[in-house]
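Enquirer: 3D model of this:
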Amino acid sequence: MHDLTTVRTNSTAATTHVVPPKILKALPDEPNKDADPFMVSFSESDPDNPKNWSSVKRWYLTGIAGLLVLNATFASSAPSALVPTLMDEFGISREVGNLMVSLFVAGYCVGPLIWGPLSEQYGRRPVFILTFFVYMCFQIGCALSKNIASLLVFRFIGGTFASCPLANSGALIGDIWDAKRLGIASAIFAVAPFAGPGIGPVVSGYLVQSEVSWRWLFWILTIFAGVCLLLIVFTVPETFQPVILVKKAQKVRRQTGNERYYASFETRKLSFAQQMENILARPFKILFNEPMLIAITLYMSFVYGCIYLLFEAYPIVFTEGHHMGAGPSGLTFLPLPIGGVIATLVYIAFFNPRYERKIKEFAPKPVPPEYRLEMAMLAGPFFAISFFWFAWTSFPSVSLWVPLASGLLLGCGVCWIFLSLLNYIIDAYMVVAASALAANTVIRSIFGAVFPLFANQMYDRLGAQWASSLLGFVALAMAPIPFALSRYGPALRVRSRYAPTDQSISRASSPV
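Expert: Below you'll find the model as predicted:
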């Protein structure tokens, strides 16, 4: 199978199809005689193949993908410091005010089920453009809202459209990088989901301290979304290979006048019922039939929920306990993204080279997914320890720098857990990885939306020390999950309907 079809004679029709010289220049000298002569595909060095684009272009697109995720996660947490202001203006309870964050994250439960499959049908670019335009419009709606009901509705709908990068930015990175460089690109990209929630409270905190209208935050979000939309429109090309090949096939048909040329994606015909099954049912069918995926999803969902719970816990410890203003209180979240950056650098310097050596060791076979779990084995105890550290140094009599430092360890743990387990899902489930990740994202987002709603009650009744310790105990109970997967994962994959396994290496597939 090759780039474009060369001049051939169809023996059945006894006709010759002539390809213009400018198209022939791109054809290989030795066509594959076993391939369908009318199927359009990429040649080895085809410049239209995203994996053959220049490194500068691909790193730029990786940065843009991370920026889009940063935008969405920044918007999710940004209103957290505005809750007291909204309580005064609209006469609402704190629980209703916390819905400003929870409902936006609840939109993440809906969006990935829509935007992922749509991008696999129509391409990444049009879905990014559509969602960011609508998302920007709803930020304008938030800025102009006259009551709390409209504000909450706009936040939920805005979160649904803002969730597009959570589903598709990682897919874009997978479109443009080969397996060797994908690890580094993914690690750099992985900082964005944790940097956004850490930066959001800083901006809103200083807006509150400056005593400007709360509406200014949503104008800032509108501007940020508008800038990202312009970057997408003018600098982000289509990266989904099947859609690119469809456009190449259309171009060949126009230039040759021969309607037999086609891309394999054009032959894919799914009924509406099949499309709905793929979008809504298959992710959860896979989830409930896979013990491995259930364990991973529960662990990652708990970790994700804890990140959003901290938006209620940190103000109790730092704003109330240490009497910090709204602006400086927002700065207390910065150790989380800083810890994520440190974790990424360690991954690039240490863990990724180790994995590259495993690629050579197992070649030409793939590396067993269990080798992805090393970071999670280390990160699980780190994550639990960070909560005990935060819990028992959160007394007002203890220097605030001590509980702040726990955020560095927490950020490292979260980043490594997510990098490790997401890569494990991709490696283990392969062709159904998108559905497995969709189910994981939905359940994770439910935890992220619900945790802030009970945080205040938990911290009020248990106290900051025991409330944080409770989270530490749960994290400690979940820390053995990566070890169990490393030990029993190969056997579970052999019996799995969805995780293909090379049984010849199943005995050697555990790194411990």
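Enquirer: where does the stretch 251-400 of the chain have low pLDDT?
Expert: 270-272, 278-279 (pLDDT under 70).
Enquirer: could you pull out the helices for it?
Expert: 272-276, 282-289, 291-314, 326-331, 335-346, 352-362, 374-391 (DSSP state H, counting those that start in this stretch).
Enquirer: what angle sits between the second one and helix 291-314?
Expert: With axes from the mean of the first three to the mean of the last three C-alpha atoms, to 10 degrees as the basis, helix 282-289 and helix 291-314 are set at 100 degrees to each other.
Enquirer: Need the contact partners of helix 282-289.
Expert: 113, 293-294, 297, 429, 432, 435-436, 438-440, 442-443, 497-498 (C-beta atoms under 8 Å, 6 or more residues apart in numbering). Using the backbone N, CA and C atoms, a C-beta is placed for each residue, glycine as well.
Enquirer: Point out the other helices and strands that the helix or strand that contains residue 127 packs with.
Expert: Using DSSP states H and E, residue 127 sits within helix 124-143. Counting contacts by 3 or more C-beta pairs under 8 Å, 6 or more residues apart in numbering; DSSP states H and E, helix 124-143 is packed against helix 55-77, helix 94-122, helix 148-162, helix 164-176, helix 215-235.
Enquirer: quick one: contacts of the last one?
Expert: With C-beta under 8 Å, 6+ apart as the test, helix 215-235 has contacts from 60, 64, 67-68, 71, 74-75, 78-79, 82, 125, 128-129, 132-133, 135-136, 139-140, 142-144, 162, 203-204, 207.
Enquirer: For residue 194, find the nearest of the helices and strands packed on helix 124-143.
Expert: Residue 194 lies closest to helix 55-77 among the helices and strands packed on helix 124-143, at 7.7 Å (C-beta to C-beta).
Enquirer: Now, the contacts of helix 282-289 that are in helices?
Expert: In this view, the contacts of helix 282-289 that belong to helices under DSSP state H are 113, 293, 294, 297, 429, 435, 436, 438, 439, 440, 442, 443.
Enquirer: Return the residues in contact with residue 333.
Expert: 77, 197, 198, 199, 200, 201, 202, 310, 311, 314, 407.
Enquirer: centroid residue for this protein?
Expert: residue 166 (3.9 Å; C-alpha atoms, centre = their mean).
Enquirer: Is that one in contact with residue 112, as I believe?
Expert: Yes: between residue 166 and residue 112 there is a contact under C-beta atoms under 8 Å: 6.0 Å.
Enquirer: Between those two, which contacts overlap?
Expert: Contact with both residue 166 and residue 112 is made by residues residue 441, according to C-beta under 8 Å, 6+ apart.
Enquirer: just to revisit the earlier point, filter the ones in helices among the contacts of helix 282-289 to the buried ones?
Expert: The neighbour-count criterion (16 or more other C-beta atoms under 10 Å) marks 113, 293, 297, 429, 435, 436, 438, 439, 440, 442, 443 among those as buried.
Enquirer: Serialize the residues you listed to JSON lines and add fields for distance to residue 329.
Expert: Shown next, in JSON lines, are these (distance: C-beta to C-beta, whole Å):
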{"residue": "113", "distance to residue 329": "35"}
{"residue": "293", "distance to residue 329": "38"}
{"residue": "297", "distance to residue 329": "32"}
{"residue": "429", "distance to residue 329": "41"}
{"residue": "435", "distance to residue 329": "40"}
{"residue": "436", "distance to residue 329": "38"}
{"residue": "438", "distance to residue 329": "35"}
{"residue": "439", "distance to residue 329": "36"}
{"residue": "440", "distance to residue 329": "32"}
{"residue": "442", "distance to residue 329": "31"}
{"residue": "443", "distance to residue 329": "31"}
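Enquirer: Go through these and name the one nearest residue 319.
Expert: Of those, the one sitting nearest to residue 319 (C-beta to C-beta) turns out to be residue 443, at 31.1 Å.
Enquirer: contacting residues around the closest one?
Expert: Residue 443 neighbours (C-beta under 8 Å, 6+ apart): 287, 297, 298, 301.
Enquirer: So which of those residues wins on neighbours?
Expert: residue 297 (23 neighbours; other C-beta atoms under 10 Å).
Enquirer: Residue 438 is in contact with that residue, correct?
Expert: No: using C-beta under 8 Å, residue 297 is not in contact with residue 438, being 11.0 Å away.
Enquirer: just checking, what packs against the one helix or strand residue 249 maps to?
Expert: Element membership for residue 249 (DSSP H and E) is helix 241-256. Counting contacts by 3+ C-beta pairs under 8 Å, 6+ apart, helix 241-256 is packed against helix 21-24.
Enquirer: hmm, 6 Å instead?
Expert: Helix 241-256 is packed against no helix or strand, with contacts defined by 3 or more C-beta pairs under 6 Å, 6 or more residues apart in numbering; DSSP states H and E.
Enquirer: In that helix, which of the residues would be classed as buried?
Expert: Using 16+ other C-beta under 10 Å as the test for burial, helix 241-256 gives 241, 243, 244, 245, 246, 248, 249, 252, 253, 256.
Enquirer: And residue 94, how far from residue 458?
Expert: 13 Å (C-beta to C-beta, to the nearest Å).
Enquirer: Comparing those two, which residue is more hemmed in?
Expert: Just comparing residue 94 and residue 458: by other C-beta under 10 Å the higher neighbour count belongs to residue 458, 18 against 13.
Enquirer: Name the nearest residue to the more buried one, ignoring sequence neighbours.
Expert: Closest residue in space to residue 458, ignoring its immediate chain neighbours: residue 467 at 5.0 Å, by C-beta to C-beta, 6 or more residues apart in numbering.
Enquirer: in what helix or strand does the one you found lie?
Expert: helix 433-478.
Enquirer: Now do that helix against helix 94-122, angle only.
Expert: 140 degrees.
Enquirer: and helix 433-478, how far from the chain's centre?
Expert: 18 Å (C-alpha atoms, centre = their mean, to the nearest Å).
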